[in-house]
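> Sequence and predicted structure below; questions after.
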Amino acid sequence: MSQPNTLAGQILVLKDLVTYQDGAVVSRTIVDRKIGTLTVFSFAAGEGLSEHTAPFDAVVQILDGTAEITIAGTVYQVVAGELLIMPAHQPHALRAVQPFKMLLTMIRA
């Protein structure tokens with residue numbers, strides 16, 4: 001059985017759920033269910049996630065700053081207020097052009 005979500009019923013300001021830390025990637029999972037997750041991340045400038053694949057679609061919504069996201073060799077500059085879908089089984093990587101925060105929605109279906 002799933003753990004109750006302690007954030008349920010609260011109004012959340014997503015970009016305020018994580019802080020920037022020099023030289024680090026910080027994450028906080030706000031929903032973790034069998035069908036998917038919602039996780040907020042902050043990336044210090046120059047930090048990132050190396051190229052990898054996932055067996056399901058992932059949606060990245062930039063909350064603050066600018067991210068460089070590479071999907072199957074194509075580079076995208078994604079800024080606050082924009083959203084990018086990373087398709088299942090496609091190699092992707094993220095890098096902080098400047099510090100940025102994002103909401104990652106993983107859909108396990």
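Yep, it's here.

> Show me where the protein has its helices.
Shown for the chain, no helices are assigned by DSSP state H.

> where are the low-confidence patches of it?
1-4 (pLDDT under 70).

> Let's see that with 90 instead.
Regions of the chain meeting the criterion pLDDT under 90 cover residues 1-9, 107-109.

> For Leu17, which non-adjacent residue is closest in space?
The spatial neighbour of Leu17 that comes closest, neighbours along the chain excluded (Cβ to Cβ, 6 or more residues apart in numbering), is Val40 at 4.7 Å. Backbone N, C-alpha and C define where each C-beta goes, glycine included.

> number of nearby residues for the one you found?
Using other Cβ atoms under 10 Å, Val40 has 21 other residues around it.

> Show me the beta-bridge partners of it.
Val40 has the following beta-bridge partners by DSSP bridges: Arg28, Leu103.

> Contact partners for it?
Applying Cβ atoms under 8 Å, 6 or more residues apart in numbering to Val40 gives the contacts 14-15, 17-18, 27-28, 30, 63, 101-104.

> what are the ranges of the strands in this protein?
Along the chain, the stretches classed as strands by DSSP state E are 25-33, 36-43, 48-52, 58-64, 66-71, 74-79, 83-86, 92-96, 100-107.

> what about those, which gets the closest to Leu7?
For the strands of the chain, the distance to Leu7 is smallest for strand 25-33, at 5.5 Å, taking Cβ to Cβ.

> Show me which of the contacts of Val40 is closest to Met86.
Distance from Met86 was checked for each of the contacts of Val40 by Cβ to Cβ. The minimum falls on Leu104, at 9.2 Å.

> neighbours of the residue lying closest to the closest one once chain neighbours are set aside, just the number please.
Of all residues not flanking Leu104 in the chain, Thr39 sits nearest, at 4.8 Å (Cβ to Cβ, 6+ apart). Counted with other Cβ under 10 Å, residues neighbouring Thr39 total 17.
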